[in-house]
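*Asks:* sequence and predicted model, in that order:
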Amino acid sequence: MQYCPHCKVKIKGQHTVCPLCAGILEGDGDPKEEVFPFIPTIYQEFNLFIRVMILISIIVVVACFAINIIFTKESRWSLPVAAGVLCMWISLFFIIRKKNNIPKTILWQVGIISILSVIWDKSMGFAGWSIDYVIPLICVLAMIVMAIGAKILKISVRDLIIYLLIDVIFGFVPIIFIIFGWLNVIFPSVICVAASIISLSVLILFEGDNMKNELKKKMHI
């Protein structure tokens with residue numbers, strides 16, 4: 001047990017300084033005598049998972065730059081991809097820091113970025129890159145952020161229902177562009193729709209029973 005000569009108290013556990021006066025302690029601490037249990041932070045608990053996701057992001061960005069330089073030098077499509085991955089991690093950081101209402105935060109972020117990109121595109125003569133690339137990419141990244149956020153924050157079943165509805169919204173946005181024939185490049189929107197269908201399928205297949213029971217409780221069925 002450690003002892004503080006200034007406060008004249010014995011302290012259980014293992015400390016670097018006195019928790020009362022921040023003075024130097026005498027003696028050796030015993031971690032087995034720790035009064036408070038160790039509660040890991042989100043970053044400590046999911047350290048390996050986050051590291052793997054960062055590594056995957058780096059691989060994706062580097063591969064895109066390599067393919068861009070080797071095969072498609074005339075365009076710079078790898079830059080928006082890198083910017084999108086960076087935005088995804090920034091968004092995830094703020095979601096973890098402010099985790100009270102994740103769906104609302106994501107919806108606001110997607111809405112603001114989409115509107116700003118359309119305004120920017122319009123001010124430059126509207127080449128169509130905002131609806132061809134930016135909005136579908138933002139929707140896909142939002143779904144990825146929601147999936148990672150759900151894993152890290154261990155969201156409840158009632159929140160999964162909200163995630164399900166938001167996935168439907170993100171999946172239908174590019175469908176509108178396709179139906180009205182507004183797109184010059186169609187594959188980003190197709191990827192977005194496919195990602196939405198896959199994420200909805202995963203939620204229904206693996207959490208369908210829980211969500212069904214939760215809906216019964218809410219609807220009093």
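*Replies:* Perfect, I can see it now. Residues are numbered from 1 along each chain as shown.

*Asks:* count of neighbours near I50?
*Replies:* 18 (other C-beta atoms under 10 Å). Using the backbone N, CA and C atoms, a C-beta is placed for each residue, glycine as well.

*Asks:* now do the helix or strand hosting I112: distance to the chain's middle.
*Replies:* Following DSSP states H and E, one finds I112 within helix 102-123. Centroid separation between helix 102-123 and its chain, computed with C-alpha atoms, centre = their mean, to the nearest Å, is 16 Å.

*Asks:* C-alpha coordinates for it, PDB please?
*Replies:* C-alpha atoms of helix 102-123 as PDB (Å, rounded to 0.1, in the frame of the first residue of the first chain):
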ATOM      1  CA  ILE A 102     -26.300   9.100 -34.200                       C
ATOM      2  CA  PRO A 103     -28.900   8.800 -37.000                       C
ATOM      3  CA  LYS A 104     -29.800  12.500 -36.700                       C
ATOM      4  CA  THR A 105     -26.100  13.500 -36.800                       C
ATOM      5  CA  ILE A 106     -25.500  11.400 -39.900                       C
ATOM      6  CA  LEU A 107     -28.600  12.700 -41.700                       C
ATOM      7  CA  TRP A 108     -27.500  16.300 -41.000                       C
ATOM      8  CA  GLN A 109     -24.000  15.600 -42.300                       C
ATOM      9  CA  VAL A 110     -25.200  13.900 -45.500                       C
ATOM     10  CA  GLY A 111     -27.800  16.600 -46.100                       C
ATOM     11  CA  ILE A 112     -25.400  19.500 -45.600                       C
ATOM     12  CA  ILE A 113     -22.600  18.000 -47.700                       C
ATOM     13  CA  SER A 114     -25.000  17.100 -50.500                       C
ATOM     14  CA  ILE A 115     -26.600  20.600 -50.600                       C
ATOM     15  CA  LEU A 116     -23.200  22.300 -50.600                       C
ATOM     16  CA  SER A 117     -21.900  20.100 -53.400                       C
ATOM     17  CA  VAL A 118     -24.900  20.800 -55.600                       C
ATOM     18  CA  ILE A 119     -24.600  24.600 -54.900                       C
ATOM     19  CA  TRP A 120     -20.800  24.400 -55.700                       C
ATOM     20  CA  ASP A 121     -21.500  22.400 -58.900                       C
ATOM     21  CA  LYS A 122     -24.200  24.800 -59.900                       C
ATOM     22  CA  SER A 123     -21.900  27.800 -59.400                       C
END
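
*Asks:* cheers, nothing more for now.
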